[in-house]
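# Whatever this is, show me its structure:
(one chain, ligands or ions: 2)
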Amino acid sequence: MHQVHIEPSQTTFSCHERDTLLRAGLRAGIAFPYECNVGSCGNCKFELLEGELENTWDQAPGLSEKDKQKNRHLGCQSIAKGNVRIKLREQERYAPIHTPIKTAAHFVEQRVITHDISEFAFETAEPIEFSAGQYALIELPGVQGPRAYSMSQAGGKHHRIEFQVRRVPNGVGSQALFDLKPNTPVSIDGPYGMAYLREDSSRDILCVGGGSGLAPMVSLARGALTSPKMTHQHVHFLYGAREERDVCGLDMLESLPNWSQRGHYTAVLSHQAPGTPMSSDRLNGFVHEAVASLHLEQLANFEIYFAGPPLMAQAMLKLLIEQKVPMDQVHFDQFY
Ligand SMILES: Cc1cc2nc3c(=O)[nH]c(=O)nc-3n(C[C@H](O)[C@H](O)[C@H](O)COP(=O)(O)OP(=O)(O)OC[C@H]3O[C@@H](n4cnc5c(N)ncnc54)[C@H](O)[C@@H]3O)c2cc1C
Ligand code: FES
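Numbers count the residues shown, from 1 in each chain. Ligands and ions are numbered 1, 2, ... in the order given. Purely as a prediction, here's the structure:
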């Protein structure tokens with residue numbers, strides 16, 4: 001066990017031998033800024049003042065050459081080799097709402113959702129407690145580095161963890177998931193993420209998912225429509241797909257007890273070939289355009305959640321900034 005001392009707050013936390021500084025900090029309740037947990041966003045940067053670190057991924061895109069020259073490191077890719085002293089600005093909004101744990105798990109089953117999205121269920125040795133919209137890290141045999149996937153359940157304390165994953169062409173981690181054999185051991189570490197369900201908000205909810213962003217939006221809708229604290233909020237669920245064969249999600253929502261009174265689903269197709277059959281309740285275009293055409297005037301009245309590929313997330317953010325939606329009503333973790 002090593003000690004990590006933070007300047008200027010003078011806080012110290014303990015870090016297990018093979019844990020990263022970020023995750024050990026969050027386990028200790030430190031408000032360590034982060035987002036992706038997988039080396040891409042750069043939000044977990046800190047400066048090393050004293051001591052030695054091992055870097056788990058030299059090529060991580062979240063750290064530039066300039067950062068390296070300034071002795072900056074990524075919290076999610078740094079392992080302490082002894083006691084260290086670091087400079088980091090803690091930010092209260094990152095204080096974990098549930099303490100993340102790393103637990104052994106094994107693969108149970110795969111359920112096909114579309115031609116390239118499947119649900120993967122794992123049984124964990126210890127239960128993981130999470131809120132709707134959060135994600136976990138999974139370490140897969142033969143894959144370098146963990147991968148982040150959002151849970152699709154409503155939240156709670158679970159021994160069974162379900163992810164909905166899109167098979168990425170040439171993607172090492174997602175391909176390994178699609179090839180898993182039942183009972184294969186893995187490890188799961190979570191929960192993480194700030195885009196969790198705000199149960200104290202009385203606003204109606206807008207969930208916008210694109211492609212691989214299905215799971216956290218399904219989780220949020222499930223959470224909102226089953227929460228005893230949220231008895232009157234409507235959930236407007238927009239799913240952005242390329243073409244008809246990619247459309248999914250509605251069957252999981254329709255089975256919710258309050259869906260028929262408070263749920264609204266729209267699928268938006270961006271690449272449907274002209275002349276091919278399309279259901280009459282679909283919209284054409286990109287999902288952020290559908291958000292604008294359906295809800296432009298009311299955007300600032302919603303609690304807004306979104307997830308999906310970076311371009312979709314950027315387009316959503318631009319729209320919400322243009323419409324002056326207060327940012328404390330907007331919740332997303334970018335997918336990298
Ligand atoms: C917060 C969050 C939530 C997500 N939720 C979902 C979800 O619910 N469903 C879904 O389908 N996808 C989700 N993703 C995307 C998912 O994590 C993967 O990026 C995606 O499946 C592609 O992974 P891959 O291994 O197939 O592709 P690859 O191109 O092989 O790997 C890309 C990912 O692996 C990491 N990586 C690559 N090489 C290394 C290395 N040597 N060491 C450490 N890390 C490495 C990268 O940072 C990147 O995250 C989420 C991503 C984030 C950040
Ligand atoms: S949280 Fe470390 S780079 Fe994103």
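# quick one: buried residues of the biggest strand by length in the chain?
Secondary structure assigned by DSSP state E gives strand 117-131 as the longest strand of the chain. Under the neighbour-count criterion of 16 or more other CB atoms under 10 Å, strand 117-131 has I117, S118, E119, F120, F122, E123, T124, I128, E129, F130, S131 buried. For glycine as for every other residue, the C-beta is placed from the backbone atoms N, C-alpha and C.
# After that strand, which helix or strand is next?
Next helix or strand after strand 117-131 toward the C-terminus (DSSP states H and E): strand 135-139.
# Wondering if that following strand reaches ligand 2 at all.
No - using CB under 6 Å from any ligand atom, strand 135-139 stays clear of ligand 2, coming no nearer than 10.8 Å.
# what residues does that strand touch?
37-38, 122, 128, 130, 146-151, 161, 163, 173, 177, 186-193, 216, 333 (CB atoms under 8 Å, 6 or more residues apart in numbering).
# run the last query once more with 7 Å
Residues outside strand 135-139 that contact it (CB atoms under 7 Å, 6 or more residues apart in numbering) are 37, 128, 146-151, 161, 186-193, 333.
# that older thread, dump the buried residues of strand 117-131 into JSON lines; add distance to H264 and pLDDT as well.
Shown next, in JSON lines, are these (distance: CB to CB, whole Å; pLDDT from 0 to 100):
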{"residue": "I117", "distance to H264": "22", "pLDDT": "98"}
{"residue": "S118", "distance to H264": "26", "pLDDT": "98"}
{"residue": "E119", "distance to H264": "23", "pLDDT": "98"}
{"residue": "F120", "distance to H264": "28", "pLDDT": "98"}
{"residue": "F122", "distance to H264": "31", "pLDDT": "98"}
{"residue": "E123", "distance to H264": "34", "pLDDT": "98"}
{"residue": "T124", "distance to H264": "34", "pLDDT": "98"}
{"residue": "I128", "distance to H264": "30", "pLDDT": "98"}
{"residue": "E129", "distance to H264": "30", "pLDDT": "98"}
{"residue": "F130", "distance to H264": "26", "pLDDT": "98"}
{"residue": "S131", "distance to H264": "23", "pLDDT": "98"}
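# Just put those residues in JSON lines and tack on distance to Q323.
Formatted as JSON lines, the buried residues of strand 117-131 follow (distance: CB to CB, whole Å):
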{"residue": "I117", "distance to Q323": "30"}
{"residue": "S118", "distance to Q323": "35"}
{"residue": "E119", "distance to Q323": "34"}
{"residue": "F120", "distance to Q323": "36"}
{"residue": "F122", "distance to Q323": "39"}
{"residue": "E123", "distance to Q323": "43"}
{"residue": "T124", "distance to Q323": "41"}
{"residue": "I128", "distance to Q323": "36"}
{"residue": "E129", "distance to Q323": "35"}
{"residue": "F130", "distance to Q323": "30"}
{"residue": "S131", "distance to Q323": "27"}
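# Ligand 2: which of the residues you listed is nearest?
The closest of those to ligand 2 turns out to be F130 (CB to the nearest ligand atom; 17.7 Å).
# my read: the closest one touches Y192, true?
No - counting by CB atoms under 7 Å, Y192 is not a contact partner of F130; they are 8.9 Å apart.
# ok, the residue of the chain positioned farthest from its centre - contacts?
The centre of the chain is farthest from one residue, G275, which by CA atoms, centre = their mean lies 35.9 Å away. Contacts for G275 (CB under 7 Å, 6+ apart) come out as none.
# Do a quick rundown of the helices in this protein.
For the chain, the helices defined by DSSP state H occupy 21-27, 65-69, 172-178, 214-226, 250-254, 259-262, 287-295, 310-322.
# Domains in this protein, by residue range?
By the record's domain assignment, the chain is partitioned as 2-94, 101-192, 204-331 (automatic domain parsing).
# would you list these in JSON lines and tack on distance to R198?
Shown next, in JSON lines, are those (distance: least, CB to CB, whole Å):
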{"stretch": "domain 2-94", "distance to R198": "12"}
{"stretch": "domain 101-192", "distance to R198": "9"}
{"stretch": "domain 204-331", "distance to R198": "6"}
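# re the thing from before, which of the contacts of strand 135-139 are close to ligand 2?
Taking CB under 6 Å from any ligand atom as the test, ligand 2 is in contact with N37 out of the contacts of strand 135-139.
# Dump stretch 46-65 to PDB, keeping only the CA atoms.
Taking Å, rounded to 0.1, in the frame of the first residue of the first chain, the C-alpha atoms of stretch 46-65 are listed here in PDB:
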ATOM      1  CA  PHE A  46      -2.100  15.900 -12.400                       C
ATOM      2  CA  GLU A  47       1.500  17.000 -11.900                       C
ATOM      3  CA  LEU A  48       4.000  14.700 -10.200                       C
ATOM      4  CA  LEU A  49       5.900  16.700  -7.500                       C
ATOM      5  CA  GLU A  50       7.800  13.800  -5.800                       C
ATOM      6  CA  GLY A  51       8.100  10.000  -6.200                       C
ATOM      7  CA  GLU A  52       7.900   7.500  -9.000                       C
ATOM      8  CA  LEU A  53       5.100   6.300 -11.200                       C
ATOM      9  CA  GLU A  54       4.500   3.500 -13.700                       C
ATOM     10  CA  ASN A  55       2.600   4.600 -16.800                       C
ATOM     11  CA  THR A  56       0.200   1.800 -18.000                       C
ATOM     12  CA  TRP A  57      -0.300   3.200 -21.500                       C
ATOM     13  CA  ASP A  58       2.500   5.400 -23.000                       C
ATOM     14  CA  GLN A  59       0.400   6.200 -26.100                       C
ATOM     15  CA  ALA A  60      -2.700   7.300 -24.300                       C
ATOM     16  CA  PRO A  61      -4.200  10.100 -26.400                       C
ATOM     17  CA  GLY A  62      -5.200  12.100 -23.300                       C
ATOM     18  CA  LEU A  63      -1.600  13.200 -22.600                       C
ATOM     19  CA  SER A  64       0.400  15.500 -25.000                       C
ATOM     20  CA  GLU A  65       4.200  15.700 -25.400                       C
END
